[in-house]
Structures are given as structure tokens and as C-alpha cells.
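1. I need the structure of the sequence given here:
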Amino acid sequence: MAVRLAAAVLALCVSAGAHAAPQRALASQVAARGVDDEIIYFLLPDRFDNADASNDRGGLTGDRLHTGYDPADRAFYHGGDLAGVMRRLDYIKALGATAIWIGPVMKNRPVQGAPGHETAGYHGYWITDFTQVDPHFGTSADFARLVAAAHARGLKFYMDIVVNHTADVIKYGECPVAPCPYHSRADYPYQRRGGIGGAAINPGFAGDSIGTPANFAQLTSPDYAYTPVIDAADRHAKVPDWLNNPIYYHNRGDTTFAGENSTMGDFAGLDDVMTEHPRVVRGMIDIYADWVRRYHVDGFRIDTAKHVDPAFWRAFIPAIRAVARHEGLPHFAIFGEVGGGSDNAQYQAVSTQVAHFPATIDFGFRFKVIDAVSGKGGTDLLENLFAIDPLYAGGEAAARDQVTFVSNHDNGRIGWFIRRALPQAGDDEVLARVTLAHAMLMTLRGVPAIYAGDEQGFAGLGDDQNAREDQFGSQVAAFNAEKLIGTGTTTADPHFGTDHPLFHTIAQLAQIRQETPALRSGRQIVRARSTVPGLFAVSRIDPADGHEVLIAFNTATTPVSAQIAVEVGTTHLTALAGTCPAAANAPGSLRIDLPALGYVICDGRK
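-> I've put the predicted structure just below:
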């Protein structure tokens, strides 16, 4: 019996190894691509597709306040899962994406919030267990299968990760129900309990800027600003267990997202991790290195990155990339969320210099494109954006790795912004403007990220929860009342067809991008811009032979005709999209004619 069992185990191991070898080979081929070669498709698992109804409640029982599941409420779980993502991989690939970025998959606190204001952790950003998949989405085995299936189709796989905070488990004795205002280090120093006049605590602690184990060993009392309180049932709610010790949190009350409290305050009550602490640095590296080793994911998008002290990232990023290289992932992508408004590019650039981020989510790009395609300003807004590119660490070349987008799950969809700016615009005009925005996304410098649903005409009803529609068919009345773009359907219907005009356009642009190295990694030169809605043109220079690809956009509702400067050696042109002139009409100059809200992509040669 023992001999037969041993033989069976050996056979199983040989079989597993036989299957693992080609999987590793596929993953290696995918990993060899540079970060700027990708077209990213971003989705929230809960809102994408539901292929396994058995996990809708995450293995929990009771009403929605216990399970988090209520598909008719936009603030609760709707049932989407990893199995749903897996069965739509071919759809994602048909769109032209080469990489998938999914919202956090770690186990979340199912429901939190004050009585009457509860919401669920369907989005993935309220983590309690950093080591396993949330049962609402599936299992760790499901995750492994999904990553392998993506690699088998030539798709990279990016995880959304959180370091800044955990779920809201720690309460404060001084304000058990109401939000707690932030208590600064000046008014509530570490060496006094409850303020300047409080009892002496933490003797010998030299402050959080001295990030040595010896210094932080002197920080033993976490009640310098508030008295942390953890319910008995939650004393081991977090995994790994070290995360249950309140000494590893700032415990200073809610952030206002300004000044000191931007990195030390609680994000809407979420427990703000003390990332200055060397135990936290070591622990977070261990947590996320393990995900790389176990699943061979290809990159991390980092949530709330600007709300973590920069020194943490200077330790975390090289450590994770070293692990990735050891695992055969030489181009491991890391892009941080350095959120902000229309003038955000300068702060993104600073984060690459100070926090050493290889790339960020390009909010600056998003808002300049929105302003340009909605006619709010001239196309010189885009020129001003790209003028900041040399400020990134690594200069203009590094700016090409910034992850650009026009819609996302936090700030809303491009269609909503256009309709808000132009409430009288007809359906055809809105579609044309959204199309133009995606043409900019797919051809201008940066790594484009498409938000799931945009390719199906989802417009959204606002930001945050209002931009998180179900792609598999919604039961949310407000979502289903939303007027979609380019279609007469509603979000009550599943949307995974390939016949929507935006799907068709994005797929066409993705193919052009993949076949044109200049659009992925070519240097960008601004050729023309306007102080009012109208012409914007750039050349992208092929990194191998130096020929240029000219791209021109018209943000005006009337046609544009203009001479545009090009390289003197550019004499003949081939249209990749739109209608291009056959040749330059003088050395170094050619005439471009653009329809209203149109664009062209022209491959220039001698």
C-alpha cells in the first residue's frame, strides 16, 4: 500500500512538473517584454463577471450586513469573481490589451461603517488578511489558475496592492463613534500621553525620522494622541498577526489630506499603518514578496502611494524588484497612485525623484485630456503637460512609463466628464469626443490603461461608487437608468460583445500601437498646438531607425487644415488611421486636414 501510494505521489509530481514547465516558459516569454510595451485593462473583480454564484456571499451567512452581498446596492458586493475574469480573458485579449490590472484580491472586512451608513469591501481596499484571496472572489488556487491562464494568452498580470492602511479595526477611546480629528506631532508628541501636558511615555524615542530598530524599540506606548481600542473579537482579525499590534499604526485620527496628516492620518477611519517603523517595512516586503514568489505576477499598482512616507518606498521598491528578478521577472512594473487634479504632473514627477517610484498613475494626463477633448481649454494644455516630462527621475524617457488613463474607478469615466462639461451635446458628439480621448490615450506617450466598461460605452453617474457599474448585467436601478454611449442598451444587459464602436476603435488602435514601436517607446515631439480648441500634433520617433510617426488631433467641432513641421527627411506618408497626405509639400512641412473631432496617424518615411 505504501509503495503504491509513493508511486502515485511520484506520478502526480511528475505530471505537475510536466505541466509546470511549459507554464514557466510562457510566463518567461511574457515577462521579457518591457513595461512600455503594454496596453493595460483595469477591472474590479466584483463588477466584471460572475462565473461562480457559490462564492457571492464569501462563505458567510446572514443578511447583507454580515455577508456584504446585495447586488441591488452599488455599495455592496455584486458577485463578480476570479472565475469570471478567467472566462473573459479572450474578450480582454480581443480588445488588444496585453496586461490585466485587477483591484485588490486580498481578504477584506466584509462590511464596515457607522450604523445606517454601512458599506461593503467589494472594492478590495479594506484588507484584513494580506496573505489570502477574499472568499467573495474565490480561492488562492483560483488566483493561481487565473495568473497562469493570463500568461498562457500572452497577458501580463498586475496586482493592486495596499500598504498605507488596513480595514478599520482600531477605534479610539476618546471618540468611539464620531470621526476623530487629526492630532499632530507638535501638539501630541510621541513622548507624552494625550498631549503636551500628559504623562511621560516612550522615553528615549528619537522620533519617527530615525528609522532604526534600536530607536523604534523605544516606542512602546501607542496612546500619545488617542487611546487605541480593539474589540476582543478583533484582536487577531488581521493576518499576519503582527498587524494586530496598535504600535504599528499612527493612531492620530483622520487625515485632511494636507501637510503632515497626508501620510499620518487615517483615510476615512481606516487604520493608518506606521510605515516609518522598520518592523512594518520588513513585514510589508515579506507580504508582497510572497505574492510574487507564489504567483509570478508581473507588477504592482500601489494604492494611496502618496500617503505613505517616501523612505518606505525607497526600501520597498528595490526589495520587491530584487525578488522579482530572482523569480525571472526582469521588467516587474511598479506604478504608484499619486492622486490629484489637473496640475498633478509636477507632484508625480517629485514622487519619482523622492520616493523613487519607477512610474505613477498619470492623473495630470487624465485631466488635461479631459479639458482638451471637452473643449474646456486649448490643446496647449497638453503641451504644458508634456513640458514637465524632463522632471521625472530618468527624464523624458522615464515619462514614457507613466500609466496614462482617461477613466477610473475612483474619479469617474471620461463620458461623465464630457457630458457634465457639455450638457447640450448630442449622442454622436459625445461618442466622437470619447473616441478622441481614447485615441490620445493609445498614441501619446505613456502606458495606456483602459477602464473596464469604457469600451462598451459606460458613462458613469459620477465618481467612486457611481463609476463602478456591473459589466455582467446589473441589478442596481441607478446604473440601469444610466444612458450609455454609442448603444441603446443598458447596464442591465451583459456587455462582452465586440461590436460596440468604442470596442472596435480601441481594438484598432491597440493593433496599430502593437505594430508601431514608435507609439510604445518612441520619443515624443510636440509639433502643433492651439490656445483654443483645435489642432494638437506630435511626432513619435521610432527607437530603432529614427523615422517619425505623426499623430494629429482636432478637438474643435469644425474642420482644421494646417501646415505642420516634420523632420526634413520625412517626405512620404502612409496612413495608419484616418486620411494622411501622400507626401510633404515642402522639406520639413506637410499639410494636415482633419475633420471635426477627428484624428490621424501617419507613418512618415524618406
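2. switch to C-alpha atoms for all contacts and neighbour counts from now on
-> OK.
3. Just give me the neighbour total for residue 214.
-> Counted with other CA atoms under 10 Å, the neighbours of residue 214 add up to 11.
4. And it, how close does it get to residue 205?
-> For residue 214, the distance to residue 205 (CA to CA, to the nearest Å) stands at 9 Å.
5. can you check residue 518 too?
-> Residue 518 is 54 Å from residue 205, by CA to CA.
6. Have a look at the two and say which one is more surrounded.
-> Per other CA under 10 Å, whichever of residue 518 and residue 205 has more neighbours is residue 518, with 26 against 17.
7. For the strand or helix carrying the more buried one, what is the distance to the chain centroid?
-> Counting by DSSP states H and E, the element that carries residue 518 is helix 517-521. Centroid displacement of helix 517-521 relative to its chain, using CA atoms, centre = their mean, to the nearest Å, is 22 Å.
8. who touches that helix?
-> Helix 517-521 has contacts (CA atoms under 8 Å, 6 or more residues apart in numbering) with 36-38, 400, 443-447, 513-514, 540-543, 548-549.
9. and the next element down the chain from it?
-> Next along the chain after helix 517-521, taking DSSP H and E as the criterion, comes strand 523-528.
10. Residue 282: helix or strand, and which one exactly?
-> With DSSP H and E as criterion, residue 282 is part of helix 278-295.
11. Show me what that helix is packed against.
-> Applying 3 or more CA pairs under 8 Å, 6 or more residues apart in numbering; DSSP states H and E, one finds that helix 278-295 contacts strand 127-133, helix 213-216, helix 310-326.
12. what's the first-to-last distance across stretch 297-308?
-> End-to-end distance for stretch 297-308, by CA to CA: 23 Å.
13. quick one, what contacts residue 301?
-> Residue 301 touches 101, 158, 159, 160, 161, 333, 334, 335, 336, 337, counting by CA under 8 Å, 6+ apart.
14. nearest to residue 412, of those?
-> residue 337 (15.3 Å; CA to CA).
15. Tell me how far that closest one lies from residue 350.
-> The spacing between residue 337 and residue 350, counted by CA to CA, is 13 Å.
16. higher neighbour count, these two?
-> residue 337 (19 against 16).
17. how close does the more buried one get to residue 359?
-> Going from residue 337 to residue 359 by CA to CA gives 9 Å.
18. Which helix or which strand is home to residue 576?
-> Using DSSP H and E, residue 576 falls in strand 572-577.
19. number of nearby residues for residue 72?
-> The number of residues packed near residue 72 is 15, by other CA under 10 Å.
20. sorry, that was for residue 477
-> Neighbour tally, residue 477, other CA under 10 Å: 13.
21. does it really touch residue 72, like I thought?
-> Yes. Contact criterion CA atoms under 8 Å: residue 477 and residue 72 qualify, at 7.2 Å.
22. What separation is there between residue 361 and residue 558?
-> Taking CA to CA as the measure, residue 361 falls 33 Å from residue 558.
23. Between those two, tell me which one has more neighbours.
-> Ranked by neighbour count (other CA under 10 Å), residue 361 and residue 558 place residue 361 first, with 26 against 13.
24. Which of the three states applies to that one?
-> The local conformation at residue 361, judged by DSSP: H, G, I helix; E, B strand; the rest coil, is strand.
25. Could you do residue 532 as well?
-> Three-state call for residue 532 (three-state DSSP): coil.
26. Please name the residues that touch it.
-> Contacts for residue 532 (CA under 8 Å, 6+ apart) come out as 375, 377, 378, 379, 380.
27. how does it look with 10 Å?
-> Residue 532 makes contact with 372, 375, 376, 377, 378, 379, 380, 381, 555, 556, according to CA atoms under 10 Å, 6 or more residues apart in numbering.
28. Can you lay out these as TSV showing pLDDT?
-> Below are the contacts of residue 532 laid out as TSV (pLDDT from 0 to 100):
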residue	pLDDT
372	98
375	95
376	94
377	95
378	97
379	98
380	98
381	97
555	98
556	98
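29. Restricted to strands, list those.
-> Per DSSP state E, strands hold no members of those.
30. Mind putting those residues into TSV with neighbour count and distance to residue 108?
-> Putting the contacts of residue 532 into TSV (neighbours: other CA atoms under 10 Å; distance: CA to CA, whole Å) gives the following:
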residue	neighbour count	distance to residue 108
372	25	39
375	20	41
376	16	40
377	20	42
378	23	44
379	28	43
380	21	44
381	22	40
555	30	43
556	23	46
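31. tell me the two of the residues you listed that are most distant?
-> 381 and 556 (14.3 Å).
32. For the helix holding residue 282, list every residue counted as buried.
-> By neighbour count on 16 or more other CA atoms under 10 Å, the buried set for helix 278-295 is 278, 279, 280, 281, 283, 284, 285, 288, 289, 292, 295.
33. While we're on the third one, how confident is the model there?
-> As predicted, residue 280 sits at a pLDDT of 98.
34. any idea how far it lies from residue 161?
-> From residue 280 to residue 161 the distance is 15 Å (CA to CA).
35. partners of the helix or strand following the helix holding residue 282 in the sheet?
-> Next in sequence after helix 278-295, counting helices and strands by DSSP H and E, comes strand 299-302. Paired with strand 299-302 in the same sheet, following DSSP bridges, are strand 156-161 (parallel), strand 333-336 (parallel).
36. Just give me the residue right at the centre of the chain.
-> Nearest residue to the geometric centre of the chain (CA atoms, centre = their mean): residue 301, 5.4 Å.
37. Out of the helices and strands packed on helix 278-295, the one nearest residue 411 is which?
-> From the helices and strands packed on helix 278-295, taking CA to CA, the stretch that ends up closest is strand 127-133, at 21.3 Å.
38. and the next element down the chain from that closest one?
-> helix 140-152.
39. Chain neighbours aside, what residue packs nearest to residue 529?
-> Nearest non-adjacent residue to residue 529, counting by CA to CA, 6 or more residues apart in numbering: residue 536, 4.5 Å away.
40. same check, this time on residue 415
-> Once flanking residues are discounted, residue 415 sits nearest to residue 459: 4.6 Å by CA to CA, 6+ apart.
41. What residues does the one you found make contact with?
-> Taking CA under 10 Å, 6+ apart, we find residue 459 in contact with 407, 412-419, 434, 453, 466-467, 469, 479, 482-485.
42. hmm, try it at 8 Å
-> 413, 414, 415, 416, 467, 482, 483, 484, 485.
43. could you dump the helix holding residue 518 to PDB, C-alpha only?
-> The C-alpha trace of helix 517-521 is given here as PDB (Å, rounded to 0.1, in the frame of the first residue of the first chain):
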ATOM      1  CA  PRO A 517       7.300  50.700 -31.900                       C
ATOM      2  CA  ALA A 518       7.300  54.500 -32.100                       C
ATOM      3  CA  LEU A 519       3.900  54.600 -30.300                       C
ATOM      4  CA  ARG A 520       5.200  52.400 -27.500                       C
ATOM      5  CA  SER A 521       8.700  53.600 -26.800                       C
END
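44. average model confidence for that helix?
-> Mean pLDDT, helix 517-521: 98.
45. Contacts for stretch 240-254 next, please.
-> Contacts to stretch 240-254, defined as CA under 8 Å, 6+ apart, come from residues 129-131, 170, 179-184, 219-223, 225-228, 235-238, 261, 264-269, 271-275, 277, 280.
46. pull the CA atoms of that stretch into PDB?
-> Provided in PDB are the C-alpha atoms of stretch 240-254 (Å, rounded to 0.1, in the frame of the first residue of the first chain):
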ATOM      1  CA  PRO A 240      -0.100  38.300   9.500                       C
ATOM      2  CA  ASP A 241      -0.600  38.600  13.300                       C
ATOM      3  CA  TRP A 242       1.900  41.400  13.800                       C
ATOM      4  CA  LEU A 243      -0.600  43.700  12.100                       C
ATOM      5  CA  ASN A 244      -2.800  43.400  15.200                       C
ATOM      6  CA  ASN A 245      -0.500  45.400  17.400                       C
ATOM      7  CA  PRO A 246      -1.600  49.100  17.500                       C
ATOM      8  CA  ILE A 247       2.100  50.100  17.900                       C
ATOM      9  CA  TYR A 248       2.400  49.700  14.200                       C
ATOM     10  CA  TYR A 249      -0.200  52.400  13.400                       C
ATOM     11  CA  HIS A 250      -0.100  56.100  13.600                       C
ATOM     12  CA  ASN A 251      -3.300  56.400  15.700                       C
ATOM     13  CA  ARG A 252      -3.600  60.100  15.200                       C
ATOM     14  CA  GLY A 253      -7.100  60.500  13.800                       C
ATOM     15  CA  ASP A 254      -8.500  61.200  10.400                       C
END
